[in-house]
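Participant: fold the following.
(2 chains)
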Amino acid sequence: MTTNSDEQRQPLDLAAARQQLREKKGKDYWRSLNELANSPEFEKVIEQEYPRQASLLGTLNRRDFLKVLGASLALAGLTACVPQGSDKILPYVKPPEVLLPGKPVLFASTVLQDGYGQGVLITTTMGRPIKVDGNPKHPATLGGSDVFMQALPLELYDPERLKQVMNQKTAKTWGDFTNALGSLSGNWGQGAGLRILSGMTTSPSLIDQMGALLKKYPQAKWVQFSPVARNNSLAGANLVFGQPYEPVYDFSKADVILSLDCDFLFAEPGHVRYGRDFGVRRQPISANGTMNRLYMIEGSSTMTGSNADHRLAVKPSQIEGFARAIAARLGLAVTAPTGDVAGQPWLDALTADLKSAGKGALVLAGERQPAAVHALAYAINQALGAVGNTVNFIAPVAQGYAGDGYTALKTLAQEMSSGAVDTLVILDSNPAYTAPADLDFVKAMGKVKNVITLANAMDETAVLSSWAIPAAHSMESWGDARAFDGTISIIQPTIEPLYGGKSALELIAALLGQPVARGYDLLRTYWQGQLKGGDFALTWRDLLGKGVIADTASAPIASLPTATLNGMGALPAAASGMEIVFEPDYTVWDGRFTNNAWLQELPKPLSKLTWDNAAYLSPATATKLAITDGDMLILHVGERNMQAAASIQPGQPDDVVVLSLGYGRKEGGSVLANSGFNANLIRTSAAPWFQSGLQVTKGREKYTLATTHEHWTMENRDLVRSTDLEDYKAHPNFAHDGEEQAITLYGQEERTGYAWGMSINLNSCIGCNACVIACQSENNIPTVGKDQVIRGREMHWIRIDRYYKGSANRPRFVYQPVPCMHCEKAPCEVVCPVEATSHSAEGINEMTYNRCVGTRYCANNCPYKVRRFNFYKYVDENVASMRALRNPDVTARSRGVMEKCTYCVQRVNEARIQAEAEGRPIADGEVQTACQVACPTQAIVFGNINDANSTVRKLKDLPLNYGLLADLGTQPRTTYVAQVKNPNPMIKEEA
Amino acid sequence: MEILEQTPIIEPGHTSLSVTSAIADVPLTPIRRTPVGWIAGLLLAFAIMMALLYAVGALFIEGIGVWGVNAPVGWAFAIVNFVWWIGIGHAGTLISAILLLLRQDWRTSINRFAEAMTLFAVANAALFPILHLGRPWLFFYLMPYPNSMGLWPQFRSPLVWDVFAITTYALVSLLFWYMGLVPDLATMRDRAKNIWAKRIYALASLGWRGSARHWSHYLSLYLLMAALATPLVISVHSIVGMDFAYGLVPGWHSTIFPPYFVAGAVFSGFAMVLTLLIPLRAAFHWKDFITARHLENMAKVMLSMGLVVAYGYLMEIFNAFYSGDIFERANTLDRFTGFYSPLFWGLIAANVVIPQLLWFKGVRRNVLVLFVISLIVNVGMWLERFVIIVQSLSKDFLPSSWHIYLPTIYDILTYVGTLGLFLTLLFLFLRVLPAISIFEMRELVHETGHHNAVAVENATDGKAQVYPAKPTKKEADTAKGGR
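Facilitator: Numbering: from 1, shown residues only, chains lettered A, B, ... in the order given. Below you'll find the model as predicted:
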C-alpha cells in the first residue's frame, strides 16, 4: 500500500473495534484480535493511545504487542477458555464432581421435543458436551432415547447457527436490541398490539413469566402453535369429557392394543417411554407371562404399524367408520356405518379380543385422526374399564393449551393482516415455514412493524424479522420442562452459550424490562418460590443432581365423567378419490431438524430414504397412475399444488399419497438446501393431516432419491427368523430349523477371560434408529452427503435392515439392526494383506487405522457388509465447532481407511482401567455400548459371554438365539433373538 | 504334416541377409525418415495416455471416491483391468517359454513381440493394485521389509501372494525378454550408422561377439530362463484366481478358479497377440515372417483355450445348482437375468459362441475375420472379469446391502489411459528394437533351407539337432549370401 492511500484511509475507530470484539468469544476473539493487530489502522491507534509504547512498534513483533496492549481484551476472551458456565451446574449422581482431564462427566438435564421434556444425561468431556442419552430416572425416557435426542450435539455445534443479533440484516448486539426494545415497549400501552407466538410450552417458569408479561400488558395475547401439536387428542377429550384432558398411556399394563392411526412409538409425547413399556410386553417369555397384541389400522406406513401383529393400511378417512363399528359392537351409543367398513373381517375377532382383555385393553387414536375418532377411543377405553389402568387423563401438560393451535394461529394471522399487531415476538417457532398455506403467514408478517424472533438460525422466519436474536441451545441455557405425564425436570446448561445466545426466559425478561436478567437467576428464583420448606440450597442441589423433580407427575383427573358421544356428529360421508396424507418426518420432525446432517442422512425407518422426503404411494396406486420411482408428481389439492418426487412403498394404503413434513426449506443453513418438498404448500389449517380430492399428475422430470436399502425382500434367506406365538409354543427351537453345523478344519481356540458379545432382541427392536445416531455421535462417524449415499457410501457403523415379508400389497415388516458381528472366524481378517484388522484376545475384531492401506478386500469379504470405507476425506477437520463435537476417545478417520463397529472398545477399555484400578473384574452391565444405551426398548445387550451369569450370556442360551449367516462358519459374536409375533388366530391375514 | 508343407512358417526365398535387413531396418530408420504413420500412431497413443495421467491425478488428489466403487462393490474397474492386463501378458510368456520348450518352431517370429507385449501388459497391470489402494502412498506395507513396527505383511492374504507373484513374473519376463534381445542388439550395433545409436546398442548388447562360447552359454541360459518362466505362466494367474476363490462372496468362492483363470489368461493373451500382429504384419510388410500358419496356429490355441474357459463357465453354473447353496444359486440366476445380465450374455457370446467359428479353416485363414474375432475375445474376457468381480459383489448375502456399481468417467479414463500407455510403449518398442527375433529367424532360414536341400535324403533328420551352434553373423552372411 502506498503512503498516499494511507493518508486517505479512515483512522480506526476504537469504539467500533470494541463493538466488534464484544460479540466474540474465546478463539474467535483471538482471531479477530490478531486480524486487528495486523492492520495499519490499529498500529495508528496504538500510537495515539499509547504513545509511550509506540516506540516499541518497530522492535516488538505483533505477538508481543498483543501481550502488552491487548491484555484487557485478551483476558475478556480468556474467560471462554472454560466453556462451562460460571453458574453452578451439578453433575449427575455419579462422581467425579470435579473436572478430571480426560474423564467424562455426566450432567442430568432435559431436552425438549415440541415443548415436552425428556430427561437426559449429557456427557461432557473437558467441558464440552458430546453425547446425550436418556436419564434412567426420568419417566419419559427411563434411560432410552430417540433420534432427535441423540442428534442434539450436532445441533449445538452447528456452525450455521445464528451467532449475532441481527437487525434488518445488520449485526447488532444484545445491548442494541434492549435499547431498541426500551423505546419500543414504551408504545405498547396495554399491549393491544403485542402478540407472542411460541411453540408448545410446558416450562413452569416460562409460563409463570408469560403470566407476568400478560399481566403487565393485559391486552397482549400469547399463541402457542406447533404443526404437530396434540390438537385432536385434546379436542376429542373435550368432546366426550367436556374438558381438553390429555391422555397418558401405560403400555406395561396393556394386553390388547388397538391403534387407530396412532404412531405411539414415534409421534406421541412420551414415545420413548411407550416404546420401553411396549417392548417389555413384546417378549414371548415376558415377565408376567403374557405377550401383548397390537392391532394397527393406519393411514400411512408408520413405524408403529410395522411392529403390529395385525396391520391394515386404509385411507385415513376410513378409520372413523371402523372406529364407529367397533364402538357400536361394544355397545356404545354411536351411529355405525351400515355397510362394510374397511377392516370388516377384523371386527368380530377384534371386538372379542378387546372385550376379553377388559381393562387390559387399550385403544388409542393418532393425532392425524379427527377429534371424533379420539372421542371414540376414549369412550371405548372407558367402556372396557381401561381408564385408570392402561390410560389416564391429566390436565394438558402445555398448561392452558386447549388443542386450538391452528385456530389461534389463524386468528393471529388475520389480526396481523388487518394491521392490528404492532409487535410480534416469536419463540421456538418458525411459522414462516410451518404455517399452513391458507394462512398466508409470510404476507401477514409483512404487515407487522416489529417482529422479534428468537431463532436458532437465520431461518425462514428470522430472515423476515426485524430483530433476530440468537437462541441459546437447550444445552446452553437454564430452564425447566414437563414431560408427557407432567413430571418436571430441570434444563441445566453444560456449556456457556457458544454464540451468546439467549434463552426464552431471558428474552421474556427483557420484554418485562429486565434486559440483563440471567436465566440461572430467573429459574432459581422461580423454583425458590415454588419449593417451599427445607433448605432450598440443598433441595436445588439434589434437584440438579437428579435432573427430575420428584413426584411432580400430574395426577389423573379424579372424577372423570362418563364419556358422552352426543357431540360426535353424524357419520361423515365416505370420501371417494385420492387423499393426501401428512405425517411428521421420521428424521427431521416438522422441519426443525432439517439442518442437522446426522438426521438428514439417517435412513427413514421404512422407506430407508435419506436427504429428502417423497410422495409415498403404494405399488397398486403407482401402477394405476403409471408412476415409477423418482417421477416428479404435481399434487393438486383444492386450488393449491406442489411438486414432489414419487417413491413407491409397499405397505402404504392405496389411493393415498403420503408426504412428510419438514422438507423443502429455503433458509437456515446449507445442509437443508435443496432437500425434499415442502408439504406446507398444500397443507391447510382446516385439514392439516389429510384431505381428499387429491389430483395427481405426472410431471416430466425425474428426481433422484437417495436410499440406503434398494431391495425389499429377504429372497427366502433366513436372515430374520420369526414365527407366530402359537407356532413358537409348539416349536420352541424353530430358529434353528434347517440349520447346518458349519464344519471347520481348524480347531476352536479356547477363549478365557473376557469374551465380549452382543445380543440383539428382534422382539424388542422397533426400528427407531436411535442406535444409529448414538453410534454416529459416539464414534465420530462423518456424514457423506446425498450424492455419496446415492453411490452407496454411507458410513453408519450400525444400520437397521428392513425387510418386507408377504406380498407387496399387504407386506409385513421386520427390522434387523446390523452392527459388526465380531466373528470368531472373521473373513475380513485373513484377507487383509497388512494385518490392519485383527482379533483381540477378548474377541473384538479391531481396526488399526494407521496400518490400513485401503485395499477394501475386507469389505468385499464381509458377508454382513458392515465395513465402511472413507472413499473421500469425509471427516471435517476445518470447522472449529465440529472439532469440539468429537469424542476424544475415538480416532477421527481420514481418507482411504476402512472403519467399522468396534463394540465401543473405548468404553470397554475405560471400564477395564477402572476395574483394574479397583482390583476387580469388570461387572456385568458395566460396559454398555452406545447403541445399547440409546435403545429405548433395551433390544441390545452387550457383555461378557464367558460369564455364565451375564445378561448377554443368558440371552444367548435361549433357544431363540441365532447367528446371522452362521452357516458360513463365521461364528458371529453378535447374535439375534428370533422374533415371535402374536397374531390373533381368529383373523386370517389375506396375502 | 500336410499343413506344414502347404503353409510354411517363413515364406521361401529368404536369406539371412534379407531377414536381417527386413527386421533390423525398421528400428534403424533414420530419425528424419521416421514413417508418418508411426508418428501419428505414437501421438495418438500418447494423447490417450494423458487421459491416464489426468485420471490418476484426480484419483490421488481426491481419493478413491472419484471412481464408482461403493459399499458392497469395493472392487471394480481397477481390479477388472488388473486381471485383464495380467491375463493378456500370459500369451507372451507362453509363446516364448512353453512353446520353446515344446520345440514349436513357429513361435520364432512372434515370440519377441509377444514378450514385449507381456512386459507392457504387466506394467499396466501392476499399476492397478497400487492405484486401487485407499492410501496408495503406503503400498510398501504389502512388502516384507524389516520395519520399526515389527510387522510383516499377513501371509494368509492372497493380496500378499499377488505381490510376490507379480513382482516375480515381471522380473522374470523382463530378464527373459532382455536375454533374448542380446544377440539382436549386437546385430543392431553392427548395422547402426548413427554413432549414438551404435553406442547405445553396443552398451545394451553387453559385448556380444557371437563366439561359439557365447552361443553355448547363451543357449543354456535361455533354456533355463524358459524353464523358470514356464511355471510362472501357471502360478501368476492361479494366484490372481485365488484372490477371488479365497473370498466368501458367492460367485467367487469356487475351487475351479485357478485353472480356469489360467486358461482365460492364455485365451485373452493369444487374442491380444492376434489383435496386434495382424495390423503390424501388414504395416511392416512382415507377412513373409508372420505367415498364415502363425495366425492359424494362434487361432487354434485360442479355440482350445476358449473351450477350457467354456468348460469353466459350465462347471460354475453346474456347481451353483448342484451344491444347493442358495447364495450361489441366486448369484448365478442374477447373472442370467439381473442388472448385469447383458454383460453376462455378452461374454458368453464373445468367449464361447463366436470362437466356435475357429473350427472352420476358412475362418482361421481369413485375416480380417480372425482380427474381428480376436477383438471380440478381448472384449469378452474383459467382460468376464467384470461380471465375476462386480456382479458377484453387487449381490451377495444380505439383500439389504445390495447395490449396483456404475463406472464414473475416471474409471473409464483410467482404463482407456492404460491402453494408451500400452500402445505408447509398443510404438516406442517398434521404433527402437527389432520386433522379431533376428537371430532366431536366421536360424529358421538356415533350417528351412537345410530341410529343403536334404529332405529327400534324410527326411527323419529334421529335428535331430534343433539348436546347432549358431553361425556368427558374418559366417552366416557369407554362407547363405549366394542363395
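Participant: for chain A, which residue gets nearest to chain B?
Facilitator: Using CB to the nearest CB, the closest approach of chain A to chain B is made by A:G854 at 1.8 Å. Using the backbone N, CA and C atoms, a C-beta is placed for each residue, glycine as well.
Participant: what residues does the stretch 1-150 of chain B have near chain A?
Facilitator: B:62-65, B:68-75, B:132-136, B:138-139, B:141-142, B:149 (CB under 8 Å from any CB of the partner chain).
Participant: got it, and the stretch 301-450 of chain B?
Facilitator: Taking CB under 8 Å from any CB as the criterion, the neighbours of chain A within the stretch 301-450 of chain B are B:I326, B:F327, B:A330, B:L393, B:D396, B:F397, B:L398, B:P399, B:S400, B:S401, B:W402, B:H403.
Participant: 6 Å instead, please
Facilitator: Proximity of the stretch 301-450 of chain B to chain A is confined to B:L393, B:F397, B:P399, B:S400, B:S401, B:W402, B:H403 under the rule CB under 6 Å from any CB of the partner chain.
Participant: mind checking which of the residues you listed are buried?
Facilitator: Among those, those buried by neighbour count (16 or more other CB atoms under 10 Å in any protein chain shown) are B:L393, B:F397, B:P399, B:S400, B:S401, B:W402, B:H403.
Participant: helix/strand/coil for the nearest residue to the fifth one once chain neighbours are set aside?
Facilitator: Closest residue in space to B:S401, ignoring its immediate chain neighbours: A:K865 at 3.7 Å, by CB to CB, 6 or more residues apart in numbering or on different chains. Under DSSP: H, G, I helix; E, B strand; the rest coil, the three-state class of A:K865 is coil.
Participant: neighbours of A:K865, how many?
Facilitator: By other CB atoms under 10 Å in any protein chain shown, the residues close to A:K865 number 23.
Participant: so it versus B:V73, what's the distance?
Facilitator: Summarising the geometry, the distance separating A:K865 from B:V73, computed by CB to CB, to the nearest Å, is 10 Å.
Participant: quick check: A:G630 touching A:K702?
Facilitator: Yes - in terms of CB atoms under 6 Å, A:G630 counts as a neighbour of A:K702; the distance is 5.0 Å.
Participant: those strands in the stretch 801-950 of chain A, which residues are they?
Facilitator: Secondary structure of the stretch 801-950 of chain A, counting by DSSP state E, counting those that start in this stretch: strands at A:812-818, A:837-839, A:845-847, A:868-869, A:898-899, A:940-944.
Participant: identify the residues contacting the helix or strand that comes right after the last one?
Facilitator: If you walk from strand A:940-944 toward the C-terminus, the next helix or strand you reach (DSSP states H and E) is helix A:951-956. Under the contact criterion CB atoms under 6 Å, 6 or more residues apart in numbering or on different chains, helix A:951-956 has outside partners A:G757, A:S759, A:V941, A:G943, A:I945, A:T975.
Participant: what would those residues look like in TSV with neighbour count, pLDDT and distance to A:I297?
Facilitator: Compiled in TSV, the contacts of helix A:951-956 are given as follows (neighbours: other CB atoms under 10 Å in any protein chain shown; pLDDT from 0 to 100; distance: CB to CB, whole Å):
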residue	neighbour count	pLDDT	distance to A:I297
A:G757	27	94	40
A:S759	27	95	33
A:V941	25	95	33
A:G943	29	94	40
A:I945	23	92	42
A:T975	23	95	35
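Participant: mind picking the two most distant members of the residues you listed?
Facilitator: In these, two members sit farther apart than any others by CB to CB. They are A:G943 and A:T975, at 12.5 Å.
Participant: which ones among the residues of the stretch 1-150 of chain B next to chain A map onto helices?
Facilitator: Assignment to helices by DSSP state H places the following of the residues of the stretch 1-150 of chain B next to chain A there: B:E62.
Participant: rewinding a little: can I assume the residue nearest to B:S401 is in contact with B:H403?
Facilitator: No - A:K865 lies out of contact with B:H403 (CB under 6 Å); the separation is 9.1 Å.
Participant: what touches both of these two?
Facilitator: With CB under 6 Å, 6+ apart, A:K865 and B:H403 have common neighbours B:P72.
Participant: could you export the strand or helix carrying A:I130 as CSV, CA atoms only?
Facilitator: Element membership of A:I130 [criterion: DSSP H and E] is strand A:128-134. Extracted in CSV, the C-alpha atoms of strand A:128-134 (Å, rounded to 0.1, in the frame of the first residue of the first chain):
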residue,chain,number,x,y,z
ARG,A,128,-17.6,-30.0,26.0
PRO,A,129,-21.0,-31.7,25.8
ILE,A,130,-20.5,-34.5,23.3
LYS,A,131,-23.3,-37.1,23.9
VAL,A,132,-26.9,-37.1,25.0
ASP,A,133,-28.6,-40.1,26.4
GLY,A,134,-31.8,-40.7,28.3
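Participant: sheet partners, orientation included, of it?
Facilitator: When pairs are called by DSSP bridges, strand A:128-134 turns out to pair with strand A:116-125 (antiparallel).
Participant: any idea how far the strand it pairs with is from the middle of the chain?
Facilitator: 13 Å (CA atoms, centre = their mean, to the nearest Å).
Participant: residues in contact with that strand?
Facilitator: Applying CB under 6 Å, 6+ apart, the external contacts of strand A:116-125 come out as A:92, A:104-111, A:129-133, A:135, A:138, A:140-141, A:269, A:481-484, A:489, A:494, A:547-548, A:888.
Participant: show me how to select, in PyMOL, the buried members of those residues.
Facilitator: Only the buried members of the contacts of strand A:116-125 end up in this PyMOL selection, burial being decided by 16+ other CB under 10 Å:
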select buried, chain A and resi 92+104+105+106+107+108+109+110+111+129+130+131+132+133+135+138+140+141+269+481+482+483+484+489+494+547+548
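Participant: which ones among the contacts of strand A:116-125 are found in strands?
Facilitator: Taking DSSP state E, the ones among these that sit in strands are A:105-111, A:129-133, A:481-482, A:489, A:548.
Participant: just give me the neighbour total for A:Q369.
Facilitator: Per other CB under 10 Å, the neighbour tally for A:Q369 reads 27.
Participant: find me the pLDDT at it, would you?
Facilitator: Model confidence at A:Q369, expressed as pLDDT, equals 92.
Participant: excluding its backbone neighbours, what's nearest it?
Facilitator: Using CB to CB, 6+ apart and skipping the chain neighbours, the partner closest in space to A:Q369 is A:D261 (5.0 Å).
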